[in-house]
Structure formats: C-alpha cells, structure tokens
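Q: for reference, the sequence and a predicted model appear below.
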Amino acid sequence: MEKQERRIVKRKYLVFPLLMIFVLIVLLAFSGTYTNSSGSYDISSIEKGWSVHRGDEIYRDVDLHEYDLGVSRHGQVITITNNIDVTDKKYSLVFISKYMSVSVSVDGEVVYSYGPLYEGHRSFVPKKLHFITPFTSEGEHVLSVTYTLFDDDSVYTLPSIYIGSKHDLIRSFLSYHRLAIFVGAFFMVYACLLVSLGVFLALIRKRFLPVILSAALSMLFGLYTYCNNDIFCIVSDQDILFTMLEFVSLFLIPLVISVILYSTHPEIGNGRQHFIIGINAVIPIVVVFLHFTDFLYMNRFIIPVQFIVLVEIILIFPQLIRGYFVKRDKRERSEDYTGIDAENYFIMGFIMFITCALIEIVILIFLKSRQYLSLSTYTGNISFLTLGMLFFVICLFIYYFLNGTDHISTAIVKSQLEGIAYTDPLTGLMNRGMCNKYVETLSGRYAIVNFDLDRLKYVNDTYGHLEGDRMIKTFAEILSRVFDKADIIGRTGGDEFVAIFKDPEDGLCQNCISELDRKLRIYNDKEDKIRLSVSVGYAYSDETANGEYPDVFHLADVRMYEMKELHHAQ
C-alpha cells in the first residue's frame with residue numbers, strides 16, 4: 001500500500017515538469033525555421049561601415065551591433081552616416097527608436113523627421129517603428145540619421161537599420177515575432193474566456209472575483225507582450241498610447257498578482273499581503289502622476305519597481321511556501337481528501353514566474369548594453385518575463401480547473417460520507433441521526449406519521465434474523481413507494497419508522513395510510529410465510545398548542561400505540 005502511494009506521489013509531481021517540457025516543445029516548434037514562411041526576404045541589415053558623430057568625437061567604421069553608447073545625457077545629439085548602394089528606389093528603411101527624436105537625411109537633404117524639437121526642455125518621446133521610403137533614384141547615396149536623446153541614461157544602444165522592399169520588411173517582422181503574436185493572442189483570448197466564466201459565476205451567485213482578477217492579469221500579460229514586442233506599432237501609429245500601455249501594464253501586473261494571491265490564500269501572511277497590495281496600488285498612481293507632470297518619466301521607474309517587487313517576494317514567498325505545506329498536510333489528513341492538489345500548480349507557476357522575472361531583471365541591469373537584449377532593436381524575440389507569464393497563466397488555469405474538480409469531488413465524497421453516517425444500511429432509509437437533524441429545520445405547518453412494524457420479534461425468534469431483516473426491507477420498500485411525497489422517511493429503531501410531510505394538504509396522511517393498508521393486503525395475499533402488519537399514528541403540527549416537534553411527535557406516537565394495542569388484542 002505504501003509503495004502504491006509513493007508511485008502516485010511520484011506521478012503527481014511529474015506532471016508539472018512534463019507540462020513545462022511540452023510547453024517548451026510547442027514554443028520551440030512554433031518559433032522554429034520550419035514554421036517560417038517559405039522563400040527568402042529581399043531585405044538586409046545595414047550594420048557596418050557607419051561614421052558616428054557624437055559631440056566633438058567622431059568614430060569611423062562602426063558596427064552598430066557592437067557600438068555601446070555608455071553614459072547618455074538629455075539633449076545629446078548623435079549622428080550616424082553611411083554610404084549605401086540602392087538597387088531599387090522603392091526600397092524602404094525600417095528601424096525602431098526609443099526615447100529619442102529622429103531625423104533622416106539622404107545626400108544632405110532631410111527626408112524624414114520624428115519627435116519634438118529640443119529647445120532646452122524635456123519632452124517624452126515614445127517608441128516608434130519607422131517605415132521610410134527616402135530614395136528618389138537608384139545608385140549610391142549618403143544616408144544620415146540624427147538622434148536626439150530626451151533623457152539621461154534612457155538609451156544604451158543605437159537601433160539596427162534594415163533596408164528592403166516594404167512588403168518583405170513587414171513579412172519579416174511578423175515572421176520573426178510570430179511566437180510573441182501567438183503568446184499575446186493566447187493571453188487575450190484566455191482573458192475573454194475568463195471574463196465569460198466570471199460573469200456566469202456572478203449570475204449563479206458563486207465566488208467570481210478570483211476569476212475576474214485572473215482575466216485582468218491575462219489581459220495585462222497580453223497587452224505587455226504586444227507592446228513590448230512592438231506588435232501594436234506595425235498596425236497603428238498611436239505611439240504614445242502603446243508606449244504608455246507597455247509601462248502601465250508592467251506596473252499593474254504586481255498589483256493584480258498580489259490581489260490574486262490574497263484572494264486565493266488569504267490565510268497566508270495576512271498583514272504582509274495587505275501591506276504589499278497597498279504598495280503595489282500606490283506605485284502606478286505615483287508613476288503616472290510624476291510622468292504627466294514631467295517630473296520623472298515612466299522609463300526611469302522600471303528598475304526601482306522591479307527592486308520593490310523583489311523585496312515583496314522576499315517578504316511573502318517564505319510564508320507562502322510554509323503555508324502551502326501546512327495547508328497540504330491538513331488537507332491530506334481530512335476525511336474528504338480526494339488526492340487532487342491544485343495548490344501544487346499555483347505554487348509551481350508562481351515560482352516559474354518569479355524565476356523568469358529575476359532572470360529578466362538580471363539581464364536588464366547587468367547586460368543592458370548588449371544589443372540583442374536591448375528593447376530598441378528591430379527584431380527582439382520573446383523575453384524571459386513573457387515566458388514566465390505564459391507558464392503562470394497555464395498553471396493558473398490548471399489551478400482553477402483542478403480546484404473546481406476538487407470541490408466537486410469533495411462534495412461527492414462528503415455526500416457519500418454523510419450518506420454512510422445518516423443512512424440505515426439495511427433499508428436505505430434515513431437513520432435516527434438524520435431524522436433528528438432534519439427536524440431541527442422544520443418550520444410552518446407539517447405532519448408526522450409514526451410506524452411500528454408488528455410481530456418483528458416473533459419473526460426473529462421463530463424464523464431467524466435473516467427473515468426478520470427480509471421483513472423489514474420489504475416493508476421499507478412498500479413504505480417508500482406509498483409515502484413518496486414525504487420530505488423524509490426514516491427508520492428510527494428496529495421496528496420503528498417515521499415519515500414527515502412539510503406543508504401537507506388536508507387528508508394527505510389519511511390517504512397515504514389507506515394506500516399503505518391496501519398495498520400490505522396485496523402483499524399478504526401472495527405471501528404465505530410472513531405477513532406484514534403495521535401500527536400507524538399521525539399528527540399535524542396545528543393539532544398541538546405551539547406546533548413544537550416534541551409535542552407533535554408525542555401525539556402521533558400516542559395514536560400509533562393505540563392502534564398497536566388493538567392489533568395485540570386481535
């Protein structure tokens with residue numbers, strides 16, 4: 001038995017790593033080259049051969065992929081120049097700028113500009129996906145791009161610039177970001193499904209708040225994924241909206257997660273959870289206020305907020321793990337334990353999300369100068385943070401699913417246990433304990449019918465207890481069929497039975513008793529060995545002074561014994 005339990009435990013804890021492997025395989029398959037669109041793209045990256053003019057300094061033959069800006073300052077102007085050979089005048093340039101104004105010149109003539117002009121004041125410049133068709137002829141051209149930085153330490157690398165047909169550039173962008181598009185769409189569709197489920201639970205007056213909160217979290221994940229991967233930029237020019245949306249969704253995620261944690265585990269670190277929720281609620285308000293008052297822009301809060309979240313994790317995570325083991329041990333010792341541990345998936349998903357978030361923080365703080373990790377690159381792929389979001393949402397879905405299944409299974413087990421505790425094993429009727437429990441709920445007008453099976457002791461003594469049991473079961477079956485309108489029928493003793501009607505019609509008890517006599521006569525006409533006879537007494541609650549159950553039961557019992565004396569006299 002112990003070996004079997006160990007095998008069950010091993011299989012149970014193997015589910016999560018197998019789920020992780022499956023998700024990773026799906027993601028790798030979805031982002032693999034064999035799922036890419038067929039055919040080559042007519043595009044190329046202009047990385048090498050640039051001259052960089054930065055203040056009084058000039059750098060020759062620079063590779064943009066390797067160039068590190070180092071310390072950047074507000075108002076700093078950086079101009080990059082390169083000679084390019086254009087084979088088609090319809091070719092476009094594409095690049096993503098972030099927190100900088102842009103001016104593009106071809107052969108010394110300005111052909112494109114974006115962002116406010118700087119005249120000694122700061123003004124927030126959002127992220128922008130630039131599609132430019134600047135060439136008027138084929139051949140060699142001098143391309144110059146001038147960047148003006150809007151804030152200190154806001155940019156660490158220069159954007160990569162791509163050239164090619166606009167159609168191929170868009171296809172290449174969408175192809176490279178297909179994984180992020182898929183994951184973001186998954187988050188948003190899942191959020192819509194959760195909203196529908198939450199509305200349904202609200203209509204049937206069930207607990208719906210955790211489901212609605214999970215829907216909000218999934219939608220925030222989806223919005224952040226699309227904004228962070230510049231997917232919205234390809235379909236709309238609302239640059240300021242999508243840049244704000246990226247920051248706001250990022251700063252709201254800790255708040256929603258902390259509220260979900262409190263709604264699902266209110267017993268764990270209650271005081272600390274209240275404190276964390278308060279901090280996470282204040283942060284977005286303060287950030288938005290400081291941003292729109294031009295005191296400090298949102299991009300400056302990324303690392304401080306992540307540090308605050310890290311402190312919150314240190315505060316609550318040990319208590320969460322400790323509470324998890326306490327709750328699991330208590331659950332396993334309970335009589336209605338079904339073997340379903342939904343908490344495992346919530347904890348594992350939370351751990352995965354924290355792990356991926358910490359990796360993302362390390363990348364942002366220590367490796368931010370690396371080009372392929374910069375958010376301003378043209379083709380940034382799915383991040384560790386998004387991967388953690390995906391695992392957390394999947395585990396959250398499994399948690400809710402198993403939690404619902406566990407509640408249903410627990411209710412079934414509880415019902416079965418109650419059935420064992422409150423059911424007479426011989427007849428299947430309610431036992432005395434259940435009858436006593438039921439009468440506590442009685443109110444208004446009701447009727448009680450008491451039965452005493454005649455000659456049971458004689459049958460037990462003469463024919464044995466097996467025949468006595470058969471006599472009891474047979475009578476119970478007839479009683480159940482005749483008194484099918486009764487709210488409860490029970491066996492309260494060896495030969496004693498009771499039926500209770502709530503809000504009975506006048507004459508109901510008399511009619512049922514008459515029908516019982518008829519059924520017993522039919523049975524006795526066919527049975528030669530053991531004949532059934534019963535003494536019956538009934539009473540309505542309005543026949544007594546106060547309608548209390550003991551008084552009504554006593555009146556029915558007195559009438560039943562009057563009939564029993566008549567039967568003994570015969």
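A: Cool, the structure landed. Just so it is clear, the structure is predicted and the values come from calculations on it, not from any experiment.
Q: which ones are touching the spatially most central residue of the chain?
A: With distances taken as CA atoms, centre = their mean, residue 396 lies nearest the centre of the chain, 4.0 Å away. By CB atoms under 8 Å, 6 or more residues apart in numbering, residue 396 lies in contact with 214, 217, 260, 345-346, 349. The way it works is simple: take the backbone N, C-alpha and C, and place the C-beta from them, glycine included.
Q: give me the neighbour count for residue 466.
A: 9 (other CB atoms under 10 Å).
Q: spatially nearest residue to residue 124 (excluding sequence neighbours)?
A: Spatial nearest neighbour of residue 124, chain neighbours left out: residue 297 (5.3 Å); criterion: CB to CB, 6 or more residues apart in numbering.
Q: how near is residue 127 to residue 202?
A: Distance, residue 127 to residue 202, by CB to CB, to the nearest Å: 38 Å.
Q: of those two, who's got more company?
A: Ranked by neighbour count (other CB under 10 Å), residue 127 and residue 202 place residue 127 first, with 22 against 14.
Q: ok, that one touching residue 97?
A: Yes: between residue 127 and residue 97 there is a contact under CB atoms under 8 Å: 7.2 Å.
Q: which non-adjacent residue is nearest residue 61?
A: Nearest residue to residue 61, sequence neighbours excluded (CB to CB, 6+ apart): residue 49, at 6.1 Å.
Q: what count of nearby residues applies to the one you found?
A: 14.
Q: related to what we said a few turns ago, got phi/psi on the residue nearest to residue 124?
A: Torsion angles at residue 297 (phi, psi; degrees, to the nearest 10) stand at phi -80, psi 160.
Q: tell me who's in contact with it.
A: With CB under 8 Å, 6+ apart, residue 297 has these contacts: 122, 124, 151, 290-291.
Q: those residues in helices, which ones?
A: Using DSSP state H, the members of the contacts of residue 297 that fall in helices are 290-291.
Q: can you flag the buried ones in the contacts of residue 297?
A: Buried members of these, counted by 16 or more other CB atoms under 10 Å: 124, 151, 291.
Q: and the pLDDT for the second one?
A: On the pLDDT scale, residue 151 is placed at 80.
Q: touching, it and residue 294? I think so.
A: No: counting by CB under 8 Å, residue 151 does not reach residue 294; the two are 10.8 Å apart.
Q: how much space between the residue nearest to residue 61 and residue 143?
A: From residue 49 to residue 143 the distance is 11 Å (CB to CB).
Q: which residue ranges make up each domain of the protein?
A: Here the domain parsing of the chain from automatic domain parsing is 44-168, 173-329+344-401, 432-569.
Q: how far does the second one stretch from start to finish?
A: This points to domain 173-329+344-401. 36 Å (CA to CA, to the nearest Å).
Q: what is the mean pLDDT for it?
A: Averaging pLDDT along domain 173-329+344-401 yields 83.
Q: residues touching the residue lying closest to residue 73 once chain neighbours are set aside, list them.
A: For residue 73, ignoring the flanking residues on the chain, the nearest one in space by CB to CB, 6+ apart is residue 152 at 5.5 Å. Applying CB under 8 Å, 6+ apart, we find residue 152 in contact with 72-74.
Q: need the residues you listed in TSV (columns: secondary structure and distance to residue 531).
A: Formatted as TSV, the contacts of residue 152 follow (DSSP: H, G, I helix; E, B strand; the rest coil; distance: CB to CB, whole Å):
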residue	secondary structure	distance to residue 531
72	coil	105
73	coil	108
74	coil	106
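Q: filter those to the buried ones?
A: Using 16+ other CB under 10 Å as the burial test, the contacts of residue 152 include residue 72 as buried.
Q: going by distance to residue 454, which of the contacts of residue 152 wins?
A: Of all those, residue 72 has the smallest distance to residue 454: 102.3 Å, by CB to CB.
Q: check what pLDDT the closest one gets.
A: 79.
Q: list the residues that contact it.
A: Contacts of residue 72 (CB under 8 Å, 6+ apart): 149, 152-156.
Q: which residues of the stretch 101-250 of the chain fall in helices?
A: Along the stretch 101-250 of the chain, the stretches classed as helices by DSSP state H, counting those that start in this stretch are 166-176, 178-203, 209-228, 231-235, 239-264.
Q: tell me the most buried of those?
A: With neighbours taken as mean count of other CB atoms under 10 Å, those reach their highest mean count in helix 209-228, at a mean of 23.
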